[in-house]
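Student: Below are the sequence and a predicted model; questions follow.
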Amino acid sequence: MRPGQRGARGRRAAVTERNPGREVSAAKALQKVRGQIRLHLLSHRTSVTASGTLHLKEGDVPYTATSRHQGTASVAIKHIPQELVKRKLLMINGDVHDVPVEVVLILKATGGPESAGSSAAMYLLDWYDLDQELILVLERPVPCVDLRQYLKEKGGSLQEHEAKIMMQQLVEAAIELHSKQVFHRDIKLENIIVETGPDVPRARVADFSCGCFARKGHYHLFSGTPKCAPPEWYMHARYKARPTTVWQLGVVLYGMLDGHPSFDTLRFLRNKLPINSELSQNCQELLQMCLSKVPKQRPTLEQLQHHPWLQ
């Protein structure tokens with residue numbers, strides 16, 4: 001990062017060779033603000049409410065990401081154009097800060113620095129809110145791949161016992177996120193990172209760009225992958241957080257077991273994507289429950305966690 005690039009949106013931290021003291025002051029001020037934001041979010045987990053949403057069309061690419069090594073750690077660098085950044089006003093110590101929603105969601109989801117590497121979501125190491133783009137620096141486990149690539153390396157699908165391990169971890173992750181009032185809204189194969197180093201692969205959730213703050217009521221704008229949107233969005237133009245998460249977990253499980261290249265809610269509703277009859281009875285039952293057309297007929301996340309197939 002070149003001197004002078006780190007700063008709040010719309011204004012850069014002024015740094016010149018003639019005023020080296022200003023560089024130190026700007027860096028310290030920014031570090032203090034970030035620290036205040038982290039502390040505020042960690043101590044007010046349930047007090048943040050939603051303020052708008054972004055409707056992305058299918059095929060949009062909201063960011064590019066590369067991997068770099070920072071010291072001995074591998075990190076992922078995510079670049080997001082400012083026109084695609086959703087923002088939230090937060091009052092911290094009497095000052096109003098215009099904070100990117102994705103930053104807020106990740107910090108709420110992961111907690112403090114001690115959770116790096118152990119949280120259900122990928123930990124945010126740092127962020128740079130520049131004039132033209134938002135840059136996120138995230139942890140990147142080594143080795144790891146997204147779940148879609150993992151399936152390709154496994155021949156296109158998983159055996160039931162392998163999918164069960166992944167599903168157990170994802171249900172636990174979803175419960176953790178919702179307990180912190182975080183609604184991911186775009187759980188799919190590409191947004192699940194699989195750490196392949198351990199003896200047992202570990203699934204973690206990434207990319208909160210379509211996320212928002214969880215609430216009990218309905219949402220009337222959808223942000224996420226249309227092919228993974230719940231049926232109620234297409235039928236009634238509304239949906240709730242937890243039933244949508246259960247639906248999307250069902251979509252992920254379907255993809256892990258079926259090997260179909262791309263799930264599509266509308267095709268599924270037209271009975272074009274049947275559930276594999278060769279799966280065990282308990283597994284078929286769990287899929288049918290998660291992928292119920294009626295939200296109230298889907299299990300809660302806690303009921304899902306205790307389903308016989310996941311025991």
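Tutor: Everything's here; your move.

Student: Let me know the average pLDDT across stretch 90-97.
Tutor: Regarding stretch 90-97, the rounded mean pLDDT is 81.

Student: What residues sit buried inside it?
Tutor: Neighbour counts over stretch 90-97 (16 or more other C-beta atoms under 10 Å) mark 90, 97 as buried. Just so you know, the C-beta spots here come from the backbone N, C-alpha and C atoms, and that holds for glycine as well.

Student: Where do the helices of this protein begin and end?
Tutor: With DSSP state H as the criterion, the chain has helices at 20-43, 101-110, 147-153, 160-179, 231-236, 241-258, 265-269, 281-290, 301-305.

Student: Please name the residues that touch residue 218.
Tutor: Contacts for residue 218 (C-beta atoms under 8 Å, 6 or more residues apart in numbering) come out as 238-240.

Student: For the helices of the chain, give me TSV that also has distance to residue 197 and mean pLDDT.
Tutor: Shown next, in TSV, are the helices of the chain (distance: least, C-beta to C-beta, whole Å; pLDDT from 0 to 100):
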stretch	distance to residue 197	mean pLDDT
helix 20-43	28	51
helix 101-110	20	94
helix 147-153	13	95
helix 160-179	15	97
helix 231-236	37	97
helix 241-258	20	97
helix 265-269	34	94
helix 281-290	27	97
helix 301-305	26	97
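
Student: Tell me which of those sits nearest to residue 120.
Tutor: Among the helices of the chain, helix 160-179 comes nearest to residue 120, with 3.5 Å by C-beta to C-beta.

Student: circling back: of all the helices of the chain, which one is nearest residue 92?
Tutor: helix 20-43 (4.7 Å).

Student: For residue 139, list each beta-bridge partner.
Tutor: Following DSSP bridges, residue 139 is listed with bridge partners residue 75.

Student: Can you get me a residue count around it?
Tutor: For residue 139, the count of nearby residues is 22 (other C-beta atoms under 10 Å).

Student: Next one: it from residue 193, what distance?
Tutor: 10 Å (C-beta to C-beta, to the nearest Å).

Student: Next: residue 154.
Tutor: Plainly put, residue 154 is 15 Å away from residue 193 if you go by C-beta to C-beta.
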